[in-house]
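Undergrad: Generate coordinates for the sequence data below:
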Amino acid sequence: MDKKNIIASGRKITLFTLQLIVLIGCIAYIYFIYYTDIYPNKQVKIAYEQTECKIDNAKLETTGKFIQRYRVVFLVTYVAQGAHYQQIAASGHGLDHSFSTGKTSQHAMLDQFTIGSTYTCWYNPTDPQIVVLALKQTWSSSLPLFIPFIIIAVMLYYMIIAIVEFLTLVNTKRKSTKNK
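TA: A predicted model of the protein is given here:
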C-alpha cells in the first residue's frame, strides 16, 4: 500500500470512529430525555389513580440571583384510598419539579388553576402522598429529540456508506490476492 492509501484509510477510520461517537452520544441523549421527561408521564398515565384535587393555595417560587428561574407550587387537598391528604404539587408539569427560566409560562400555569376550585389529578397508589396536578405536555418533552434523530439518521447513512466501501475494498483485495 502506498502512502496516500494509508493516509486515506487512516482518515476514513478516524471519521468512522467520530461518527460512531456522535451516534452513541445522540442515543445516550435520547435515552436521558426519554427517562427524565417522557417516561415519568407515561408512568403517571399507566400506574397512578385519578382523583379530584381542590386547590388550596398557589404561588410562584423564584430561585437564583443572577439568572432567575421560576416554578408554580400548588397546595392541594384530595382523597386517596379513603384518606384525606393535603400535599404540595410542585410545578403542575407532571413529576417534573424543576425550575424554568420562562416566567411567562409559569404565570400562565398559575392562571390556569383557580384557588378554591377542583381539578382532576393523579396520585401514586403505592405512595398516595405523591400527587400530580397536571401532566407535562408531551410535545414539549419530545421537541428536544428532533435534532438528535436527524443527526442519527445522517450518521447512520454515512456509516452504512463507509461499511459498504470497506466491504468493497476487502472484496477487491481478496480478488486481487486470488489472481496473483
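Undergrad: rest of the way, CA atoms for contacts and neighbours
TA: OK.
Undergrad: If you count contacts, what does the longest helix along the chain end up packed against?
TA: Ranked by number of residues, the top helix in the chain under DSSP state H is helix 146-179. Packing partners of helix 146-179 (3 or more CA pairs under 8 Å, 6 or more residues apart in numbering; DSSP states H and E): helix 3-33.
Undergrad: Just the buried residues of the helix it packs on, please?
TA: For helix 3-33, the neighbour count (16 or more other CA atoms under 10 Å) marks 16, 19-20, 22-23, 26-27, 30, 33 as buried.
Undergrad: Output the contacting helices and strands for that helix.
TA: helix 146-179.
Undergrad: could you check the angle helix 3-33 makes with the helix it packs on?
TA: 150 degrees (axes from the mean of the first three to the mean of the last three CA atoms, to 10 degrees).
Undergrad: next one: helix 146-179 to chain centre, how far?
TA: Taking CA atoms, centre = their mean, to the nearest Å, one finds the center of helix 146-179 at 31 Å from the center of the full chain.
Undergrad: Also stretch 71-78?
TA: Taking CA atoms, centre = their mean, one finds the center of stretch 71-78 at 24 Å from the center of the full chain.
Undergrad: what pLDDT, on average, does that stretch get?
TA: The pLDDT scores in stretch 71-78 average 88.
Undergrad: Can you name the residues in contact with it?
TA: 51-62, 84-92, 97-100, 106-107, 109-110 (CA atoms under 8 Å, 6 or more residues apart in numbering).
Undergrad: Kindly report the same for stretch 35-54.
TA: 76-80, 94-96, 115-125, 132-133, 135-136, 138, 141-142.
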